[in-house]
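**Student:** No letters, just coordinates:
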DNA sequence: TGCCGGGTGGCACTCGGTGTCACTAACGTG
DNA sequence: CACGTTAGTGACACCGAGTGCCACCCGGCA
């Protein structure tokens, strides 16, 4: 089925192709009906494959939403490794986050769909913690290199988790707002973080 | 079975009693064999109840580890509500976190066991995100009150997520270290956060 | 005595995820 | 051409987390 042509398409990885088809089908079903409501069989049917094949391409239903997130983490790691030492640490992390999330305009709708699911569906929120752990590890190692501390010391860990918190918060406001760009939201969040939340020190007014 | 005595023990809530027994049994099994390795039937057997009753007392295997976390969130909310307005916002949040996590010395071993599981077992890390969401909501509402912003604006959300990141990081170093107190770790993390990570601005030395 | 309500156990069921095996198509080599 | 190899696949059985349902037991109450 769907064996379109025989020589028209070069078959580099059959696997990567089915992965993409599954992802697309899953994302659409999730967006329409909700993550928990969609069963693995339904995704398999929609993608024209068997349930078993689905779980061979994605270890988890949730992984079908995250897509090629591992590649993003690798890219983040490379960007951080290429950082110049005279740049402030937080600025280098912010720049890396912005760069990694610099999507082309035509990819933004899919990104919105994906992030709305990840940030909105409880089951996906839960799963995200595991993926974030990889990000945190990469960032913590970067901070450790820059400060000469151990990667599991307080400061590297803290910088990693709070910058990631800033990034996800930026994603949330970007998703909810719709008028600002993702880069602007990221910069705003990192600025608050780097300056110790100056926004907290200016209450309405203090008599 | 285990119907010890008839009048010796006043039965205020049968449910709360079995909850406690289940929790104890589950925590011990998890600590010994690992969270994923222990089956719900085994916990039920160890606690002397049926599998069905286990899932009536705890909606999830993970919930047996978290115990009465909802009560902690409620307490955090009350503490934040009772905050004086002339105290800096971050300081009030830090104080509330310290207060909520001010365990008696005899409870520390159980706390260590519990937190080692929550922070170490991937399945529990994932589940934790859902519980943290409640904490974040409470803190964000506090910040929103103090700053006059909407609870879902950037700053309240950001402060909530990054202070919670600071708290969990403090828990991690406290757990790994063993020499510092939890309160000290929390204060150290919040201080870094409030001052914009001064530790980042003093690299080994800059020639 | 009979009724009632909460805690319980047993059972069947759904669904996510895994291990295993057989099948098929593509490929290189004799 | 026949052959073995390999990757991708589908079918099936299986495990474990949860859930819905019903029957049971027991203490309280009219």
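**Tutor:** Thanks, I have it. Quantities reported herein were computed from a predicted structural model and do not represent experimental measurements. Numbering: from 1, shown residues only, chains lettered A, B, ... in the order given.
**Student:** Find the nearest non-adjacent residue to the most centrally placed residue in chain A, please.
**Tutor:** Nearest to the geometric centre of chain A sits residue A:69, at 6.3 Å (CA atoms, centre = their mean). What sits nearest to residue A:69 in space, not counting adjacent residues and going by CB to CB, 6 or more residues apart in numbering or on different chains, is residue A:131, at 5.7 Å. Placement of C-beta: from N, CA and C, glycine included.
**Student:** residues contacting that neighbour?
**Tutor:** A:66, A:69, A:73 (CB atoms under 8 Å, 6 or more residues apart in numbering or on different chains).
**Student:** Tell me the pLDDT of it.
**Tutor:** The model reports residue A:131 with a pLDDT of 94.
**Student:** quick one: is the one helix or strand it maps to near DNA strand C?
**Tutor:** Using DSSP states H and E, residue A:131 falls within helix A:122-147. No - using CB under 7 Å from any atom of the strand, helix A:122-147 stays clear of DNA strand C, coming no nearer than 8.1 Å.
**Student:** Helix or strand next in line after that helix, which one?
**Tutor:** helix A:154-177.
**Student:** now that following helix against helix B:122-147, angle please.
**Tutor:** In terms of direction (axes from the mean of the first three to the mean of the last three CA atoms, to 10 degrees), helix A:154-177 departs from helix B:122-147 by 70 degrees.
**Student:** Check whether helix A:154-177 comes near chain B.
**Tutor:** Yes - Helix A:154-177 is in contact with chain B by CB under 8 Å from any CB of the partner chain, via A:154-155, A:157-159, A:161-162, A:164-166, A:168-170, A:172-173, A:176.
**Student:** If you count neighbours, what's buried in that helix?
**Tutor:** A:154-175 (16 or more other CB atoms under 10 Å in any protein chain shown).
**Student:** how close does the residue nearest to residue A:69 sit to DNA strand D?
**Tutor:** Going from residue A:131 to DNA strand D by CB to the nearest atom of the strand, to the nearest Å gives 19 Å.
**Student:** And residue A:201, by the same measure?
**Tutor:** Residue A:201 sits 43 Å away from DNA strand D, taking CB to the nearest atom of the strand as the criterion.
**Student:** hmm, back to that, tell me which of the contacts of residue A:131 is nearest to chain B?
**Tutor:** Of all the contacts of residue A:131, residue A:66 has the smallest distance to chain B: 13.0 Å, by CB to the nearest CB.
**Student:** Now do the contacts for the closest one.
**Tutor:** So, once contact is read as CB under 8 Å, 6+ apart, residue A:66 ends up touching A:114, A:118, A:127, A:131.
**Student:** Mind telling me what element the residue nearest to residue A:174 when sequence neighbours are not counted is part of?
**Tutor:** Excluding the flanking residues, the one nearest residue A:174 by CB to CB, 6+ apart is residue A:185, at 4.4 Å. Here residue A:185 sits within helix A:182-194, counting by DSSP H and E.
**Student:** buried sites along that helix?
**Tutor:** Quick answer for helix A:182-194 (16+ other CB under 10 Å): A:182-183, A:185-194.
**Student:** again, but for stretch A:109-124
**Tutor:** Across stretch A:109-124, burial judged by 16+ other CB under 10 Å covers A:111-112, A:114-118, A:121, A:123-124.
**Student:** Turn these into a markdown table, columns for distance to residue B:32 and pLDDT.
**Tutor:** Below are those laid out as a markdown table (distance: CB to CB, whole Å; pLDDT from 0 to 100):
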| residue | distance to residue B:32 | pLDDT |
| --- | --- | --- |
| A:111 | 44 | 95 |
| A:112 | 45 | 95 |
| A:114 | 39 | 96 |
| A:115 | 39 | 97 |
| A:116 | 41 | 97 |
| A:117 | 37 | 97 |
| A:118 | 34 | 97 |
| A:121 | 33 | 96 |
| A:123 | 28 | 97 |
| A:124 | 31 | 97 |
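**Student:** Quickly list the domain ranges of chain A.
**Tutor:** Structural domains annotated on chain A: A:14-64, A:68-197, as defined by automatic domain parsing.
**Student:** Reformat those as JSON lines; add distance to residue B:86.
**Tutor:** Putting the domains of chain A into JSON lines (distance: least, CB to CB, whole Å) gives the following:
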{"stretch": "domain A:14-64", "distance to residue B:86": "45"}
{"stretch": "domain A:68-197", "distance to residue B:86": "17"}
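**Student:** between the ones you listed, which gets nearest to residue B:62?
**Tutor:** domain A:68-197 (9.3 Å; CB to CB).
**Student:** Contact residues of chain A facing DNA strand C?
**Tutor:** A:6, A:38-41, A:51-52, A:55, A:59-62.
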